[in-house]
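Q: The sequence isn't on hand, but the structure is:
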DNA sequence: ACTTAGTGGAACACCGATGTTCCATAACGG
DNA sequence: CCGTTATGGAACATCGGTGTTCCACTAAGT
């Protein structure tokens, strides 16, 4: 038995881990701008050879899956940080929104790269997802969230607002903080009963 | 001078016009589900031979351009119908939202198919776009729209809400009318000063 | 009915992305 | 300092989508 992690590939020697991260990072940034970018482009953007990319991710889908897992992990972490159970539910969702905004290009990818959501972890409800929906219900119960807006719509709404805000920051020159401010203000007003 | 249209290709004999429309229609529906669908798939979905597709649209980009133009045209028509200059600006935008919702899969495409917006008509501001922004400004002036939300954000917001609502209707079983209701309610609350 | 316009299918060349192999060489760690 | 580890590049096979041509066939229009 190996002392590896519970993840698939497990403990890589520092160098490999660093290269792998470099590739994934570059891929996220690049694919956010052009979802059809080739693996050669990704390699170039990551500053490595195309061969190396294939060494780490035999098929394109493997890279996509890795990105998907990465984003998913970041979402989970962000959900943790938001401490959804503290204070009024509406406020909790605003905090969550702020945390999710840190996903950056990950937001763009989730919208524009459907293949990313084909990876196993995405089809079934994640803990973060459940926690989110629970919080919305709590908001409905305690009266801090408009009861006319059901859970599903609010989930879609949050993501849509985040995507809009991030894209506005990415394409137009809008500074990130003001984009986020608009996003949060809009969310607050939308949720208010 | 010819009695043809001002458009590029102009008056086609009824049969051709019908086939062309069938192809574009099928392409819209298909690409909304999978933006990477091949021309063969489009042909199959349209119930015509692949050769025929190429006859009408020599290159893939030509088809995309046609779709882009089609959507653009529908947007213009919808903007007309919304009568943006009547009544309070906030109400006008809600009417506009209702009209835009009719774009259906066109909404999905605008978000998920960037190549669609590469076509010439999209880079420069359209009349509809200008009319929209003018209406937002009017809302700011007359006090029916939250002055903290700038024109650009509101434009993005409207599209994002529409996309969310449409996707919710398309993927989950939510009936279209209730999706639209949620969308409008959210917009109304977001715009309110 | 007969001419013309429109269609479908097969066959082909082409291209870019993908995935694989092999080897020389650079970086790293003991 | 030397062996292991990781890398980059070149060369190659493959594959699917694309775009083209040609011909037989069918549906319109007069």
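A: Everything's here; your move. Just so it is clear, the model here is predicted, and its values are computed rather than measured.

Q: which stretches of chain A aren't confidently modelled?
A: Across chain A, the ranges flagged by pLDDT under 70 are A:1-11.

Q: So which residues of it form helices?
A: A:14-33, A:39-46, A:50-56, A:60-82, A:89-101, A:105-112, A:120-123, A:127-142, A:151-171, A:176-191 (DSSP state H).

Q: Make a markdown table from these and add distance to residue B:41 to it.
A: To be clear about C-beta, it is placed using only N, CA and C from the backbone, and glycine gets the same treatment. Formatted as a markdown table, these follow (distance: least, Cβ to Cβ, whole Å):
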| stretch | distance to residue B:41 |
| --- | --- |
| helix A:14-33 | 23 |
| helix A:39-46 | 24 |
| helix A:50-56 | 28 |
| helix A:60-82 | 20 |
| helix A:89-101 | 35 |
| helix A:105-112 | 20 |
| helix A:120-123 | 24 |
| helix A:127-142 | 32 |
| helix A:151-171 | 27 |
| helix A:176-191 | 37 |
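
Q: just so I know, which of those helices lies nearest residue B:26?
A: Of all the helices of chain A, helix A:105-112 sits nearest to residue B:26, with 22.6 Å by Cβ to Cβ.

Q: elements contacting that closest one?
A: When contacts are defined as 3 or more Cβ pairs under 8 Å, 6 or more residues apart in numbering or on different chains; DSSP states H and E, helix A:105-112 sits against helix A:14-33, helix A:60-82, helix A:151-171, helix B:105-112.

Q: Output these as a markdown table; include the columns mean neighbour count and distance to residue B:12.
A: Below are the helices and strands packed on helix A:105-112 laid out as a markdown table (neighbours: other Cβ atoms under 10 Å in any protein chain shown; distance: least, Cβ to Cβ, whole Å):
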| stretch | mean neighbour count | distance to residue B:12 |
| --- | --- | --- |
| helix A:14-33 | 17 | 38 |
| helix A:60-82 | 18 | 41 |
| helix A:151-171 | 21 | 37 |
| helix B:105-112 | 21 | 22 |
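
Q: can you redo the ones you listed as CSV with distance to DNA strand D?
A: Output for the helices and strands packed on helix A:105-112, formatted as CSV (distance: least, Cβ to the nearest atom of the strand, whole Å):
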stretch, distance to DNA strand D
helix A:14-33, 3
helix A:60-82, 12
helix A:151-171, 26
helix B:105-112, 15
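
Q: of those helices, which approaches DNA strand C most closely?
A: The minimum distance between DNA strand C and the helices and strands packed on helix A:105-112 falls on helix A:60-82, with 4.0 Å, by Cβ to the nearest atom of the strand.

Q: Next, the angle from the closest one to helix A:39-46.
A: 50 degrees (axes from the mean of the first three to the mean of the last three Cα atoms, to 10 degrees).

Q: what's the angle from helix A:60-82 to helix A:14-33?
A: Orientation of helix A:60-82 against helix A:14-33 (the same axes, to 10 degrees) gives an angle of 90 degrees.

Q: tell me the angle helix A:60-82 makes with helix A:127-142.
A: Going by the same axes, to 10 degrees, helix A:60-82 makes 40 degrees with helix A:127-142.

Q: Give me the helices and strands touching helix A:60-82, please.
A: Packed against helix A:60-82, as judged by 3+ Cβ pairs under 8 Å, 6+ apart, are the following elements: helix A:14-33, helix A:39-46, helix A:89-101, helix A:105-112, helix A:120-123, helix A:127-142.

Q: Could you confirm whether the second one reaches DNA strand C?
A: Spelled out, it's helix A:39-46. Yes: using Cβ under 7 Å from any atom of the strand, helix A:39-46 reaches DNA strand C at A:39-40.

Q: Which residues does that helix contact?
A: Outside helix A:39-46, the residues that touch it by Cβ atoms under 8 Å, 6 or more residues apart in numbering or on different chains are A:22-23, A:25-27, A:29-31, A:34, A:37, A:49-50, A:52-54, A:60, A:63.

Q: give me the subset of those residues touching DNA strand C.
A: Contacts with DNA strand C within the contacts of helix A:39-46, counted by Cβ under 7 Å from any atom of the strand: A:50, A:54, A:60.
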